[in-house]
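# Provided below are the primary sequence and the corresponding predicted coordinates.
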Amino acid sequence: MRFFLLPILLLWPLAEIAGFVLVGRALGLWATLGLVVGTAILGAILLRSQGMQILKQISAESRDGRMPGRTLVDGAMIVVAGILLLLPGFLTDLIGLALFIPFVRSFLWSLVGRRIVVIRTRTTSHYEGSRTGPAGQKPGPVVDLDEEDFHRDDNSANSGSTSPWAGPKSREP
C-alpha cells in the first residue's frame, strides 16, 4: 500500500505544473493567477459556511443522543476540501470542489463507511449551569492521595466519626 502512494506523490507536483502551463497558455498569466487566488478565496468561504452547517448538525445529533459518525466524516471531508482549495494547483482545486458536493461525499462514505466503526463510550457525568454538585452542594477542593496516605476505615461506627474516611495511617514498624 505504501509503495502505491509513492508514484502518486512523485507525479502529483508534475501534474500540477503541467496544469499551470496548460491553463497559462490558454488564459494568460494574470487570468491563471486570478483563478488560483479565486479558488483559494472560494475555498475559505465554502469551508466557513459548510463547516458551520456541519457543526450545527453534529451538535443537533449529539443533543438527540445519536452518534454523529457520518456527519463527522462529512466534516472531515469538508475540511480536506477547504485545504485542497487553499493549495495552489488546479488538480487539487478540482478534487476540493468535488468534495464540497454532498453527492460525492455520500459516494465516498459508501466506499469507506463499512470500514469505519463508531463506538460510543460512557462518559463521566457533568453538571450544567452553576458549578454545584448534587442537591446544590458546592464542590470541595480536590485532593489527590496515594494509598499510603489515607485508608478507608471499615469500622467507621467504632471510630466515633460520621465520615468513613480515617486519618493518616501510622507509620510504625
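On my side now, so go ahead.
# what packs against the longest helix seen in the chain?
The helix that spans the most residues within the chain, counting by DSSP state H, is helix 29-63. Other elements packing on helix 29-63 under the criterion 3 or more CB pairs under 8 Å, 6 or more residues apart in numbering; DSSP states H and E are helix 2-27, helix 69-86, helix 90-99. All C-beta atoms are positioned from the backbone trio N, CA, C, and that covers glycine.
# nearest to residue 109, of these?
helix 69-86 (6.0 Å; CB to CB).
# and stretch 61-81, what's its mean pLDDT?
Summarised as a single mean, pLDDT over stretch 61-81 is 83.
# contacting residues around it?
By CB atoms under 8 Å, 6 or more residues apart in numbering, the residues outside stretch 61-81 that reach it are 43, 46-47, 50-51, 54-55, 57-58, 95-100, 102, 105, 108-109, 112-113, 116, 118, 120.
# let's go with 7 Å and repeat that
47, 50-51, 54, 57-58, 96, 99-100, 105, 108-109, 116, 118, 120 (CB atoms under 7 Å, 6 or more residues apart in numbering).
# list the buried ones in that stretch?
By neighbour count with 16 or more other CB atoms under 10 Å, stretch 61-81 contains the buried residues 61, 68-75, 77-78, 81.
# Serialize those residues to CSV and add fields for distance to residue 23.
Below are the buried residues of stretch 61-81 laid out as CSV (distance: CB to CB, whole Å):
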residue, distance to residue 23
61, 41
68, 39
69, 39
70, 35
71, 35
72, 35
73, 32
74, 30
75, 31
77, 26
78, 26
81, 20
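# okay if I get the helices and strands packed on helix 29-63 as CSV plus distance to residue 39?
Listed next are the helices and strands packed on helix 29-63 as CSV, based on distance: least, CB to CB, whole Å:
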stretch, distance to residue 39
helix 2-27, 11
helix 69-86, 5
helix 90-99, 5
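# so which of these gets nearest residue 143?
Comparing the helices and strands packed on helix 29-63 by CB to CB, helix 69-86 comes nearest, at 37.5 Å.
# got the angle between the closest one and helix 29-63?
Orientation check (axes from the mean of the first three to the mean of the last three CA atoms, to 10 degrees): helix 69-86 against helix 29-63 gives 160 degrees.
# Pull the distance from helix 69-86 to the chain's centre.
Averaging C-alpha positions (CA atoms, centre = their mean, to the nearest Å) puts helix 69-86 10 Å from its chain's average.
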